[in-house]
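[1] Model the structure of this input:
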Amino acid sequence: MNYEAFKQIVLDRRSVRKFTDQDVSVEDIKELIDCARYAPSDTNSQTWEFVAVMNRDKIKDIEQMTWDELHKRAAEAEGKGLGREARLLTKSFGPYATAFSDAPVLIVLLATPYNSKFRERIFDPIALVEDAVWAEEGIKSSCLAAQNLMLAAHARGLATCPMTGPVLLAQHRLRDYLGIDDSRQINMVIALGHPSEQPGRLARKEVDEILTIVQ
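    Now for the predicted structure:
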């Protein structure tokens, strides 16, 4: 393995919000999911599933339901005397939360219930933790799969942008629209397509600022 080549993929990946009209093939999507499924997961539980929306009209529908719910929240804020916050929600967060609208593919990343022999035989019988903790375990592993997917997309000449706007604002409508079972958590959505822009590299905290070495 060439470490420098891999590091370049990591450093050059960007969150892209503008895409060309070129379609993404089913083969491309399957290749990315193939990479995603090799992410590590708690006791190899593989708590992830993917819904790839390739219909542009359906993607527009998801955009619209996100805007609908955002406007409801803004109206509620206005009613509480929070006019400034309502305007910021609409003008600043709205476009940011719906920046997937021009992508040819929207991947909805799910977290499935965490189950393992350890949980069944040990953790649950002794009530090791509350059930909510196991939901978090599913989300954690699902996020690892998302990173694999996005790095693989960049290496394949595609672009991605992970977002939680539709999840924060319209999760219930998104679940109904796509027929997602209640046992699945909606973790995030990932816009996928061919990039029409190449955003610059954003500043990162220095290594020494975020690393503590214990010897």
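[2] Quick check: which element contains Thr160?
    strand 159-163 (DSSP states H and E).
[3] Contacts for that strand next, please.
    Outside strand 159-163, the residues that touch it by C-beta atoms under 8 Å, 6 or more residues apart in numbering are 13-17, 19, 97, 99-100, 103, 146, 149-150, 153-154, 188-195. Where C-beta positions appear, they are placed from N, C-alpha and C, glycine not excepted.
[4] Could you identify the helix or strand that succeeds whichever strand or helix holds Asp34?
    Using DSSP H and E, the element containing Asp34 is helix 26-36. Next along the chain after helix 26-36, taking DSSP H and E as the criterion, comes strand 49-53.
[5] what's the distance between that following strand and the middle of its chain?
    Strand 49-53 sits 11 Å away from the centroid of its parent chain (C-alpha atoms, centre = their mean, to the nearest Å).
[6] contact partners of that strand?
    Counting by C-beta under 8 Å, 6+ apart, 29, 33, 36, 59, 62, 105-110, 112, 178, 180, 184 sit against strand 49-53.
[7] who does it pair up with?
    Strand 49-53 has its sheet partners listed here by DSSP bridges as strand 105-111 (antiparallel).
[8] Determine the angle, from 0 to 180 degrees, between the partner strand and strand 159-163.
    In terms of direction (axes from the mean of the first three to the mean of the last three C-alpha atoms, to 10 degrees), strand 105-111 departs from strand 159-163 by 50 degrees.
[9] Show me where this structure has its helices.
    3-12, 26-36, 56-79, 83-88, 94-97, 117-118, 131-155, 165-178, 207-210 (DSSP state H).
[10] Out of these, which is closest to Gly200?
    helix 3-12 (11.0 Å; C-beta to C-beta).
[11] Any idea how far that closest one is from the middle of the chain?
    Per C-alpha atoms, centre = their mean, the centroid offset for helix 3-12 relative to its chain is 22 Å.
[12] Show the average pLDDT along that helix.
    Averaged across helix 3-12, pLDDT comes to 96.
[13] same check, this time on stretch 108-117
    93.
[14] which residues are contacting that stretch?
    42-53, 134-135, 137-139, 141-142, 145-146, 174, 178, 180, 183-190.
[15] Make a PyMOL selection of the buried ones in those.
    Only the buried entries of the contacts of stretch 108-117 go into this PyMOL selection, using 16 or more other C-beta atoms under 10 Å:
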select buried, resi 42+45+46+47+48+49+50+51+52+53+134+137+138+139+141+142+145+146+174+180+184+185+186+187+188+189+190
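[16] on that earlier part again, now render the helices of the chain as CSV, adding distance to Gly200.
    Output for the helices of the chain, formatted as CSV (distance: least, C-beta to C-beta, whole Å):
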stretch, distance to Gly200
helix 3-12, 11
helix 26-36, 24
helix 56-79, 26
helix 83-88, 25
helix 94-97, 17
helix 117-118, 45
helix 131-155, 15
helix 165-178, 23
helix 207-210, 20
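[17] Before I go, just wanted to say thanks for your time.
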